[in-house]
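Participant: Below are the sequence and a predicted model for it; my questions follow.
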Amino acid sequence: GSSQLNITATIAGYTMGSGGASFIDISATGAAVSGIVGDDVEANITMPSFTFNGIAYTAARVGSNGVLVLGATTLDVTNVNAALFSTANTAGNIFLAPWWDDLDNLSTSNVYTQQIGNTFIVQWNNWGHFSATVEGEIITFQIQMDLSTGQIYFVYPDVNFDGGMAANNAGASATVG
């Protein structure tokens, strides 16, 4: 079955919660990010202007390990996730981490971007955990950025690795924030 968890917390002046966003699969309609297919790699994307903490960003560096670094165009997004607030990514410490972990590229993995209305979406599609033993042990998740309100949503069709990676389900080894 399925369920929805609603939670709201205020941390460092930001309100975090759920609601207001549903998963929109862009794997068939979005633009594949060039250069992101691989293990522990990153690539640059251009995005519509998005204001975060009072600064407008139009460029970002997306990492295969579930991190989007705002305003960055060089250096690394590490596969070694850390507690937040973190300076572990040499690409920068202004980042969104919907599932920061050591993720591995599988034959069906990619990252897609697409703007739908006032929402810009970055979707990690069919990524495996570094400890995956078969091709089907995958997870899909996305960031939705509301370009009008500045709200950020981390959206997951589910939080389980398909194919039996139960030890890593629900972000057990990931950093999210």
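Facilitator: Received the coordinates, thanks.
Participant: make it CA atoms for all contacts and neighbour counts henceforth
Facilitator: Fine.
Participant: could you measure the closest residue in space to residue 118 that isn't next to it in sequence against residue 159, distance?
Facilitator: Take residue 118 and drop its neighbours on the chain: the residue closest to it by C-alpha to C-alpha, 6 or more residues apart in numbering is residue 147, 5.3 Å away. Applying C-alpha to C-alpha, to the nearest Å, the value for residue 147 to residue 159 is 26 Å.
Participant: quick revisit: report pLDDT for the residue nearest to residue 118.
Facilitator: Per-residue confidence (pLDDT) for residue 147: 97.
Participant: For this structure, just list every one of the strands.
Facilitator: 8-11, 14-17, 31-32, 42-52, 55-63, 67-70, 95-96, 103-104, 110-116, 119-129, 139-146, 152-155 (DSSP state E).
Participant: where does this protein have its least confident helix or strand?
Facilitator: Taking mean pLDDT, DSSP states H and E as the measure, the chain has strand 8-11 as its least confident helix or strand, at a mean of 48.
Participant: So what pairs up with residue 31 in the strands?
Facilitator: For residue 31, the beta-bridge partners under DSSP bridges are residue 113.
Participant: Identify the residues contacting it.
Facilitator: 112-114 (C-alpha atoms under 8 Å, 6 or more residues apart in numbering).
Participant: since we're on the residue nearest to residue 118, how many residues are nearby?
Facilitator: Neighbour count of residue 147, defined by other C-alpha atoms under 10 Å: 17.
Participant: Pretty sure it sits against residue 115.
Facilitator: No - assessed by C-alpha atoms under 8 Å, residue 147 is found out of contact with residue 115, at 9.5 Å.
Participant: show me the contacts for the closest residue to residue 47 other than its chain neighbours.
Facilitator: Excluding its sequence neighbours, the residue lying closest to residue 47 (C-alpha to C-alpha, 6+ apart) is residue 58, at 4.9 Å. Going by C-alpha under 8 Å, 6+ apart, residue 58 touches 46-50, 71.
Participant: same question, residue 113
Facilitator: If you count contacts by C-alpha under 8 Å, 6+ apart, residue 113 has them with 26, 30-33, 120-123.
Participant: Recalculate using a threshold of 7 Å.
Facilitator: Counting by C-alpha atoms under 7 Å, 6 or more residues apart in numbering, residue 113 makes contact with 30-32, 121-123.
Participant: Now the buried members of those.
Facilitator: By neighbour count, with 16 or more other C-alpha atoms under 10 Å, those hold 30, 32, 121-123 as buried.
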